[in-house]
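In: Using only what follows, build the 3D model:
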Amino acid sequence: MNQILALREKRANLWNQTKAFLDSHRGEDGMVSAEDNATYEKMEADVVALGKEIERLERQAAIDRGMDQPTAAPLVSRPTAASTEKQGRASDEYRNAFWGMIRNRAANPSIMNALQIGTDSEGGYLVPDEFEHTLVQGLEEENVLRSLCTVIQTSSGDRKIPIVASHGTASWVEEEGAIPESDDVFGQISIGAHKVATMIKVSDELLQDSVFNIENYISAEFARRIGAAEEEAFITGDGSGKPTGLLHETLGAGTGVTTAGNTIAADEIIDLVHSIKSVYRKKAVFLLNDSTIKAIRKLKSIEGQYLWQPGLKEGQPDTLLNYRIVTSPYMPEVAAGNKVILFGDFKSYWIADRQGRSFQRLNELFAVTGQVGFRATQRVDGRLVLTEAMKCLAVKGA
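Out: Predicted structure coming up:
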């Protein structure tokens with residue numbers, strides 16, 4: 001903890017030195033020489049490197065805190081005869097049978113009977129509850145949007161989301177005058193389910209090696225692959241066989257500001273903030289590519305304050321105009337015609353998970369090379385429900 005705090009203070013001091021260097025080396029035309037710019041960029045790179053190291057240490061600290069948690073509740077009363085054994089796919093019997101099947105050790109008929117609990121129509125096996133929870137946690141760590149957006153569960157069919165398209169209004173009327181009718185207008189958005197899938201090949205030797213933690217490897221690798229595919233679709237998806245992304249031309253966030261040139265100005269970011277209603281600004285967040293931060297880090301407000309500010313305390317994010325910054329590699333970089341910054345309340349984007357993730361072992365497909373395949377599939381959809389809650393900044397076209 002002390003190390004994280006020390007690094008944050010070091011980063012803040014270095015950022016202040018970087019700003020002071022930039023301010024003191026500007027010419028009368030507001031520009032800096034190529035040599036001074038190279039020095040500034042090196043200082044800026046050190047600030048970025050410190051930020052990434054702080055993030056790594058904070059993730060390690062979070063994992064350590066989790067490992068320090070008790071694995072069982074303290075005994076505060078006399079034990080009773082009531083059974084607390086988990087049932088179905090959450091039971092120890094099913095979990096042991098599932099991973100025994102993964103390692104090709106399920107030869108006992110009783111184990112095969114246990115596996116029938118999770119048999120699907122194509123011969124695969126539903127993931128045991130404990131493993132599914134591990135996978136969801138991994139997705140949240142890999143996919144930044146899952147922690148920002150509204151996530152719901154669906155069991156079957158499309159999920160119909162009613163929305164208010166327009167509100168009624170009140171009117172001033174004379175005494176004994178007729179009160180005009182003014183009804184709300186309702187609409188409906190449908191969220192379905194699109195399949196995202198991946199496959200892993202594992203050698204027979206690794207499967208039979210009791211030291212190798214196959215559970216952690218598979219859950220982490222599936223989380224990385226599926227999480228990355230999800231995040232990209234939630235941002236840029238066209239809705240055809242995948243979710244409808246936030247940057248969709250007609251169903252995504254509208255353009256709040258278009259830059260006057262091929263670079264971003266401070267006033268344009270301020271205009272973007274005020275392009276959405278104040279009620280949505282209370283929980284608003286910036287989403288942008290990491291390279292875009294580099295382009296706007298030098299920008300100042302009218303008062304001479306830098307728009308970008310580093311977080312100084314543990315868990316405190318970097319901010320832009322005092323709003324949290326979240327980065328994603330799937331946001332477009334600054335280039336003519338690109339929508340490069342999203343700003344708004346991300347709870348207005350809904351992610352629908354179809355319940356039950358499928359996991360199947362492929363015994364014969366790679367047998368000739370001494371490997372076993374594992375296939376994972378997930379059904380998910382996403383849609384921006386309230387378009388007025390989010391706007392984007394677009395760079396002027398060429």
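In: tell me which strands and helices the top strand by length along the chain is in contact with?
Out: Once the chain is assigned using DSSP state E, the strand that runs over the most residues is strand 371-384. With contacts defined as 3 or more Cβ pairs under 8 Å, 6 or more residues apart in numbering; DSSP states H and E, strand 371-384 has these neighbours: strand 185-191, strand 194-203, helix 204-208, helix 214-236, strand 349-354, strand 358-362. Every C-beta, even on glycine, is put in place using the N, C-alpha and C of the backbone.
In: Mind putting the ones you listed into a markdown table with mean neighbour count and distance to Q3?
Out: Converted to a markdown table, those look like this (neighbours: other Cβ atoms under 10 Å; distance: least, Cβ to Cβ, whole Å):
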| stretch | mean neighbour count | distance to Q3 |
| --- | --- | --- |
| strand 185-191 | 13 | 44 |
| strand 194-203 | 15 | 36 |
| helix 204-208 | 14 | 36 |
| helix 214-236 | 19 | 26 |
| strand 349-354 | 22 | 35 |
| strand 358-362 | 18 | 39 |
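In: just for the stretch 51-200 of the chain, where's the confidence low?
Out: Flagging of the stretch 51-200 of the chain using pLDDT under 70 yields the residue ranges 66-91, 99, 101-135, 137, 140-141, 157, 161-168, 182-188.
In: In space, what's closest to V372 - neighbours in sequence excluded?
Out: Leaving aside its chain neighbours, V372 sits nearest to V202 (5.6 Å; criterion: Cβ to Cβ, 6 or more residues apart in numbering).
In: hang on, that neighbour packs against R375?
Out: No. With contact defined as Cβ atoms under 8 Å, V202 does not reach R375; the gap is 11.9 Å.
In: quick one: what helix or strand has E9 in it?
Out: Per DSSP states H and E, E9 falls inside helix 2-24.
In: Mind listing residues that contact that helix?
Out: Helix 2-24 has contacts (Cβ atoms under 8 Å, 6 or more residues apart in numbering) with 32, 36, 39-40, 43-44, 46-47, 50-51, 53-54, 57-58, 61, 298, 306, 310-314.
In: Following element in sequence after that helix, please.
Out: Using DSSP H and E, the next helix or strand after helix 2-24 towards the C-terminus is helix 34-68.
In: Give me the buried stretch members for that following helix, please.
Out: 36, 40, 43-44, 46-47, 50-51, 54, 57-58 (16 or more other Cβ atoms under 10 Å).
In: Make CSV out of those residues and add distance to G227.
Out: Shown next, in CSV, are the buried residues of helix 34-68 (distance: Cβ to Cβ, whole Å):
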residue, distance to G227
D36, 41
Y40, 35
M43, 33
E44, 29
D46, 30
V47, 27
L50, 26
G51, 22
I54, 22
L57, 22
E58, 19
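In: Now L287: closest residue in space, sequence neighbours ignored.
Out: L342 (4.2 Å).
In: If I follow the layout properly, that neighbour ends up in contact with T255?
Out: No. Contact criterion Cβ under 8 Å: L342 and T255 do not qualify, at 10.8 Å.
In: Would you mind telling me which of those two has the busier surroundings?
Out: Comparing L342 with T255 by other Cβ atoms under 10 Å, the one with more neighbours is L342, at 26 against 13.
In: From A45, how far out is that one?
Out: The gap separating L342 from A45 is 25 Å, by Cβ to Cβ, to the nearest Å.
In: before we move on, what about I218?
Out: As for I218, its distance to A45 is 36 Å (criterion: Cβ to Cβ).
In: Ok, F234 next?
Out: 30 Å.
In: cool, and E215?
Out: From E215 to A45 the distance is 39 Å (Cβ to Cβ).
In: now do F359
Out: According to Cβ to Cβ, F359 stands 42 Å off from A45.
In: what's the closest residue to G344 other than its chain neighbours in contact with, if anything?
Out: Among residues not flanking G344 along the chain, M390 sits closest, at 3.0 Å (Cβ to Cβ, 6+ apart). The neighbours of M390, taking Cβ under 8 Å, 6+ apart as the test, are 246, 253, 276, 280, 342-346, 348-349, 384.
In: Give me the subset of these lying in helices.
Out: Counting by DSSP state H, the contacts of M390 place Y280 in helices.
In: Nothing else from me, thank you.
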